[in-house]
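Asker: Any chance you could fold what I've pasted below:
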Amino acid sequence: MPANTYAIPVNDRWLAFAPLLNVAAVVNTPAVTLLRADPPAPEDSPLANLAANLAADATPPPVPEGPARPPFLGLILTRGCNMACRYCDFAAGESGAAMSPELISQALAGWAEWVARTGGRELDLHFFGGEPFTQPDLIEIAVHRTRYLAQNYGLSSRVEATTNGLLSARMLTFVRDHFDSLVLSLDGQAEDHDRHRPLRDASGSFRQVWATAQALADSPVKLCLRCCVSQANVVRLPEIAAWLCASLQPETLTFESLKPTPEAAAAGLLAPDPGQFAAEFIAARRLAEQHGTTCVYSALYDRPRRTFCPVGQDTFIVAPDRSVRSCYLRRRAWGTRGLDLQIGRVEADGRLVLDEEAVHRLRVLTADRPRCTRCFCRWSCAGGCLVTETPPGHSLEYTPFCWQTRLLQAGVLLERLGLPDQVDRLLADGEAVARLCEHPDDRVEGSAA
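Answerer: Next up is the predicted model:
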């Protein structure tokens, strides 16, 4: 059986899964024993067809080669923010330096020329922060310039931003007229949202953010809601999902666990229990699907991938200091993990200079996650964030992020197989949860049946 074929204990059965082939089945223990045999199953065995499907030729996603082909350009207009989210480690009270209009024009021109020269078809612009909409003039400059460059090079264009939702009336009108999608942070109803995401004067931000969400829901903009989940709101995920889907009909609804930070700990906010997060997410996902909304957890399987974030995908993200990197986190966050995620620079004379060796280094680095080699989520989660989850020298032990990802991935696969009762049984059984979370080696060749 190939190395990328897995068997995971689920209740009193096993989930066989070949992610590179999108093949999955639930089998009993004797069947796993046969799949582990060499050959895996006799031709006259009821398992012969499954064994053949699991063992079919499959090629892992290749490490990219040749010139960088950025899927999008990210602009970090500022690290400043007009909120003081209690779990944020971006130093929300610091204004930071804003990107200059000159740098915006230079970065966009160099990016557009690069995309056209390397055979790209679209200019996909993303805004990151801090909070990008604290710089409305820069937003307008960048959007109009991107549309112009796309037309000049015969390319399509797309514009997206990640925002806290504190948009002025002017910016809200501009977004409705010129943006394709917006990722809006909304952590639940007023009590939960305001506990997580107060304004800098400590008052609640929910009322203003909710008004933005309602305005965008009634617009051509694709609305993607992102909810940060702590131990304080995890139990309400199904309620939050039903309410948001019925009220706003968002394109997607993303739930992500809070990342532990000193700021979050000081505010009494903790990451949710992985098993509880998985159970509540599955319940929320079922409700969202009834409304036609896709419920997202970023590490879930969609198609095989080597990395689930911009790092390793040749992404260009430009910061106010003129650096071009593939990560929107602050430089000091990488440095403490022994990483250098810069791949180039926009020079003062306007030239976009890319370090092809740095691009190649990140491509190879994201393809090598030692902890993941034995995990059935290897080609979906792909190791999670390179900075927070699998930096160089990371431990081989599963983390809480791994536990919840393994539970969610198994649950979603079981639901796709038409076995929701098995999902509910799994998530309600503490011993079954622990057995799946800590299974030492998911590979069929290493699974202990």
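Asker: how many neighbours does Phe401 have?
Answerer: By the measure other Cβ atoms under 10 Å, the count of residues near Phe401 is 19. For every residue, glycine as well, the C-beta is placed using N, CA and C.
Asker: residues in contact with it?
Answerer: When contacts are counted by Cβ atoms under 8 Å, 6 or more residues apart in numbering, Phe401 touches Ser257, Pro274, Ala299, Gly384, Glu389.
Asker: That one: which element?
Answerer: For Phe401, the element it lies in under DSSP states H and E is helix 400-416.
Asker: can you check Ala112 too?
Answerer: When the helices and strands are read off by DSSP H and E, the one containing Ala112 is helix 101-117.
Asker: Give the partner strands of the following helix or strand past that helix in its sheet and their orientations.
Answerer: For helix 101-117, the following helix or strand on the C-terminal side (DSSP H and E) is strand 122-128. Partner strands and pairing direction for strand 122-128 (DSSP bridges) are strand 73-76 (parallel), strand 156-163 (parallel).
Asker: most tightly surrounded among the ones you listed?
Answerer: Burial of the strands paired with strand 122-128 is given as mean neighbour count (mean count of other Cβ atoms under 10 Å); strand 73-76 ranks first at a mean of 25.
Asker: Just the CA atoms of it, as CSV, please.
Answerer: Extracted in CSV, the C-alpha atoms of strand 73-76 (Å, rounded to 0.1, in the frame of the first residue of the first chain):
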residue,chain,number,x,y,z
LEU,A,73,-0.2,40.6,-4.1
GLY,A,74,-0.8,41.6,-0.5
LEU,A,75,-0.3,45.2,0.7
ILE,A,76,0.3,45.9,4.4
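Asker: Let me see the mean pLDDT of it.
Answerer: With pLDDT averaged residue by residue, strand 73-76 scores 98.
Asker: can you check stretch 323-342 too?
Answerer: 94.
Asker: just stretch 149-168 next, same as before
Answerer: On average, stretch 149-168 scores 97.
Asker: contacting residues around the residue at minimal distance from the centre of the chain?
Answerer: In the chain, the C-alpha nearest the mean C-alpha coordinate belongs to Ser298, at 3.6 Å (Cα atoms, centre = their mean). Taking Cβ under 8 Å, 6+ apart, we find Ser298 in contact with Thr254, Glu256, Phe308.
Asker: Which one (most neighbours) among those residues?
Answerer: Going by other Cβ under 10 Å, Phe308 tops the contacts of Ser298 with 20 neighbours.
Asker: Distance of that one relative to Gln249?
Answerer: According to Cβ to Cβ, to the nearest Å, Phe308 stands 26 Å off from Gln249.
Asker: Output the contacting helices and strands for the helix holding Ala112.
Answerer: On a contact count with 3 or more Cβ pairs under 8 Å, 6 or more residues apart in numbering; DSSP states H and E, helix 101-117 meets strand 73-76, strand 122-128, helix 136-153, strand 316-318, strand 342-346, strand 352-354.
Asker: at 10 Å what do you get?
Answerer: Counting contacts by 3 or more Cβ pairs under 10 Å, 6 or more residues apart in numbering; DSSP states H and E, helix 101-117 is packed against strand 73-76, strand 122-128, helix 136-153, strand 316-318, strand 323-325, strand 342-346, strand 352-354.
Asker: okay, now Val234: neighbour count?
Answerer: Count around Val234 with other Cβ under 10 Å applied: 22.
Asker: Excluding covalently adjacent residues, which one is nearest to it?
Answerer: Among residues not flanking Val234 along the chain, Pro272 sits closest, at 3.9 Å (Cβ to Cβ, 6 or more residues apart in numbering).
Asker: so the one you found sits right up against Cys227, yeah?
Answerer: No - assessed by Cβ atoms under 10 Å, Pro272 is found out of contact with Cys227, at 11.7 Å.
Asker: Quick check: neighbours shared by the two?
Answerer: Common contacts of Pro272 and Cys227 (Cβ atoms under 10 Å, 6 or more residues apart in numbering): Asn233, Leu237, Phe255.
Asker: from those residues, which ones fall inside strands?
Answerer: Phe255 (DSSP state E).
Asker: Ramachandran coordinates for Phe308?
Answerer: phi -110, psi 10 (degrees, to the nearest 10).
Asker: List the residues that contact the nearest residue to it once chain neighbours are set aside.
Answerer: Distance criterion Cβ to Cβ, 6+ apart; nearest residue to Phe308, sequence neighbours excluded, is Ala382 at 4.8 Å. Taking Cβ under 10 Å, 6+ apart as the criterion, Ala382 is in contact with 61, 299, 301, 304-309, 312, 366-367, 369, 372, 390.
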